[in-house]
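[1] Predicted model and sequence follow; I will ask about them next.
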Amino acid sequence: MKRKSPRWLSSAVFYQIYPPSFYDSNGDGIGDINGIIEKLDYVQSLGCNAIWLNPCFESPFRDGGYDISDYYKVAKRYGTNADLKRLFEAADKRGIKVCLDLVPGHTSIEHPWFKQSCKTKKNKYSNYYIWTDDWTRSAGAELNTVRGYARRNGNYAANFFWSQPSLNYGFAHCDSDKPWQKPVDHPDCQAVRKEMIKIMRYWLDMGAAGFRVDMAYSLVKNDKDCRQTTRLWSQVRSILDRDYPEATLIAEWFNPAQAIKAGFHVDFLDHPTYISLFRKETGRSVDPRTNGTSIFARPGGDIMTFLDNYLDHYQQTKHLGYISIPTGNHDLPRISLGRTLKEIELVFAFILTTPGVPFIYYGDEIGMKYLRNLPSKEGAYTRTGSRTPMQWSSARSAGFSTAPNGRLYLPIDPAHNRPTVLAQQSNRNSLLNKVRTLIALRREHPALGADGRFIPIYAKARKYPFVYLRTLAREKFLIAVNPTGKTVNVKFDTAHTETHHPKLKKPAEEPLITTVGVELSHCPGRYRLKMPPTSYGIFKSF
């Protein structure tokens, strides 16, 4: 069953933009849509051909815009609906798709639907949200209950913060002792679904290329196996396949095998596996085999903590959709935290030579820092340090804005040697230009892209390097990464890498990109590979 679509996804490299922090075009200290339009040439110069735009809709911004008060209106601080349409059009002229952030699981308490649902008199919106039938009753341990907010005799369930009431898509299993729980086929729950599909159509008709869906797994409640949630998204996917076949659905589900079978085209790597790759310190628990050390940290964790889980999801989804390994996002500490530029380059080399659809978080391509201990802004808390303004140049405010520093959305990195686009632009050995080279290589060679086969060649617990093969049609690439702080020497057989070309008696490899000191040689039936600390090599096989 081949469900992969749309066609452009197979060559997509996404660039994630957090709107208030990217570029301020009018000097008010906050990034805006016109600022994004002005910087589209930069996005194109990276080789990125798709954008994920974090929420840009009307909101009281108690959670960075993920608390929406009007799904049909661009927030005034970012511009107008006409500006967003111009962004779609300007991006399209450059071959860039723009996907919006859809937040279907909850709204802001300021949304008109919720204000109506708070009323004591029953109305159209009374059941658009999850309310208990009496103020003394909790919604249950599985839901966050907010008490005493409205005159309505009941408590509402919140999806994330207290100010984000859960929209009511129904309960997969209703508790007879809780008559306020509605089944998924209840007319009011079905009405909420129709509202969301209507919103999606509005923006797709305007020119959006699709949606990254916030908390996509969370819509139907009491749905532990996600069966009803899967049914919901499968129905949405059917509508898109019929009416918008080139539109894409990107899940925040963190379970690719489940999300892609539910109808999403892309889902992100699950958190524990992502953490095992890149995060040494985290608030979440990690696989004990890593001993708290990520794979792409100088000591080098256990590659199998990543590979076992990844291959399971990859085998289940490779004919249906795509897994994304992002460099980071607005919720995570930046990939640069605790890393040298050389180590960040190695992370990019890995992400841009693995299957699926890569996502690059704005500023990661120049090594922007995670700024610790910033005061929380708009509900960001510890995430604030990953949302600071993009650093364009050495001009005031790093070229982000002409506003005085005190009016900036967030402070600029105060370091005198902070990385900037301008400083790295003309340096061929800069991280920025290394990333451009890796993206160009990926887009030039389909075997390195989303659909190329992924075959581990040398992967052993607590040992390095990690060597894998990418193949598609007649193309073959051998990739090796050594994230450890020591030189490694290995031998491995050529069974997977030998070409069947009759004129060649042994496999040949052309080094396309390698770190200085990486040596690959061939002896009968085997390869020898020597890699210095923190190194990688990409070899084309003939």
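    That came in fine, so what should we check first?

[2] Could you use CA atoms for every contact and neighbour count after this?
    OK.

[3] distance of residue 122 from residue 181?
    16 Å (C-alpha to C-alpha, to the nearest Å).

[4] more neighbours, those two?
    residue 181 (24 against 12; other C-alpha atoms under 10 Å).

[5] list the contacts for that one?
    Counting by C-alpha atoms under 8 Å, 6 or more residues apart in numbering, residue 181 makes contact with 130, 132, 170, 171, 174, 175.

[6] Then residue 356?
    So residue 356 contacts 10, 266, 321, 322, 323, 324, 325, 449, 450, 451 (C-alpha under 8 Å, 6+ apart).

[7] ok, now residue 35?
    22, 23, 24, 25.

[8] of these, closest to residue 341?
    residue 22 (21.8 Å; C-alpha to C-alpha).

[9] Backbone dihedrals for the closest one, please?
    phi -90, psi -60 (degrees, to the nearest 10).

[10] mind checking how far it is from residue 312?
    36 Å.

[11] again with residue 97
    Residue 97 is 30 Å from residue 312, by C-alpha to C-alpha.

[12] These two: who's more crowded?
    The neighbour comparison of residue 97 against residue 312 (other C-alpha under 10 Å) goes to residue 97, with 26 against 12.

[13] right, and the more buried one touches residue 91 too?
    Yes: using C-alpha atoms under 8 Å, residue 97 makes contact with residue 91 at a distance of 6.5 Å.

[14] what lines up beside the lowest-mean-pLDDT helix or strand in the chain in the sheet?
    Lowest by mean pLDDT, DSSP states H and E among the helices and strands of the chain is strand 509-514, with a mean of 84. Looking at strand 509-514 with DSSP bridges, its partner strands are strand 535-541 (antiparallel).

[15] Distance from the chain centre to the partner strand, please.
    Mean C-alpha position of strand 535-541 versus that of the full chain (C-alpha atoms, centre = their mean, to the nearest Å) differs by 26 Å.

[16] any residues touching that strand, and which ones?
    So strand 535-541 is contacted by 346, 349, 475-483, 497, 499, 507-516, 518 (C-alpha under 8 Å, 6+ apart).

[17] Could you pick out the buried ones from those residues?
    Neighbour counting over those (16 or more other C-alpha atoms under 10 Å) leaves 346, 349, 475-483, 497, 499, 507-509, 511, 513-515, 518 as the buried ones.

[18] can you list the residues that contact the longest helix anywhere in the chain?
    In the chain, assigned by DSSP state H, the helix with the most residues is helix 187-206. With contacts defined as C-alpha under 8 Å, 6+ apart, helix 187-206 is touched by 71-72, 85, 104, 127-128, 167-170, 182-184, 210, 236, 244, 247.

[19] taking those one by one, which sit in helices?
    85, 236.

[20] now the helices: where do they sit in the stretch 301-450 of the chain?
    For the stretch 301-450 of the chain, the helices defined by DSSP state H, counting those that start in this stretch cover 303-317, 341-351, 421-425, 431-444.

[21] can you map out the strands along the stretch 301-450 of the chain?
    In the stretch 301-450 of the chain, the strands defined using DSSP state E, counting those that start in this stretch lie at 322-324, 359-361.

[22] right, so the ones you listed: which one is the most enclosed?
    Among the strands of the stretch 301-450 of the chain, strand 322-324 has the highest mean neighbour count (mean count of other C-alpha atoms under 10 Å), at a mean of 27.

[23] Counting by contacts, list what that strand packs against.
    Contact here means 3 or more C-alpha pairs under 8 Å, 6 or more residues apart in numbering; DSSP states H and E; on that basis strand 322-324 packs against helix 256-261, strand 266-268.

[24] Make JSON lines from these and add mean pLDDT to it.
    Conversion of those to JSON lines gives the following (pLDDT from 0 to 100):
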{"stretch": "helix 256-261", "mean pLDDT": "97"}
{"stretch": "strand 266-268", "mean pLDDT": "98"}
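
[25] which of the ones you listed is buried the deepest?
    Of the helices and strands packed on strand 322-324, strand 266-268 is the most buried (mean count of other C-alpha under 10 Å), at a mean of 26.

[26] Run through who's touching that one.
    Contacts of strand 266-268 (C-alpha under 8 Å, 6+ apart): 249-256, 259-260, 321-326, 356-357.

[27] downstream neighbour of it in the secondary structure list?
    helix 271-278 (DSSP states H and E).

[28] and that following helix, which residues are buried?
    Quick answer for helix 271-278 (16+ other C-alpha under 10 Å): 272, 273, 274, 275, 276, 277, 278.

[29] What residue, apart from its backbone neighbours, is nearest residue 212 spatially?
    residue 250 (4.4 Å; C-alpha to C-alpha, 6 or more residues apart in numbering).

[30] no wait, residue 109
    Closest to residue 109 by C-alpha to C-alpha, 6+ apart is residue 163, at 5.5 Å.

[31] got the angle for the helix or strand encompassing residue 240 vs helix 187-206?
    Assigned by DSSP H and E, residue 240 belongs to helix 227-243. Orientation note: helix 227-243 sits at an angle of 40 degrees relative to helix 187-206 (axes from the mean of the first three to the mean of the last three C-alpha atoms, to 10 degrees).

[32] I'd like the average pLDDT over helix 227-243.
    Averaged across helix 227-243, pLDDT comes to 97.

[33] list the helices and strands that helix packs on?
    Secondary elements touching helix 227-243 (3+ C-alpha pairs under 8 Å, 6+ apart): none.

[34] send the alpha carbons of it over as CSV?
    The C-alpha coordinates for helix 227-243 follow below in CSV (Å, rounded to 0.1, in the frame of the first residue of the first chain):
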residue,chain,number,x,y,z
ARG,A,227,-7.8,4.0,17.3
GLN,A,228,-10.4,6.8,17.1
THR,A,229,-7.7,9.5,16.7
THR,A,230,-6.4,7.4,13.8
ARG,A,231,-9.8,7.3,12.2
LEU,A,232,-10.2,11.0,12.5
TRP,A,233,-6.9,11.8,10.8
SER,A,234,-7.5,9.1,8.1
GLN,A,235,-10.7,10.9,7.3
VAL,A,236,-8.8,14.3,7.0
ARG,A,237,-6.2,12.6,4.8
SER,A,238,-8.9,11.3,2.5
ILE,A,239,-10.2,14.8,2.1
LEU,A,240,-6.8,16.1,1.3
ASP,A,241,-6.0,13.3,-1.2
ARG,A,242,-9.2,14.1,-3.0
ASP,A,243,-9.3,17.9,-2.9
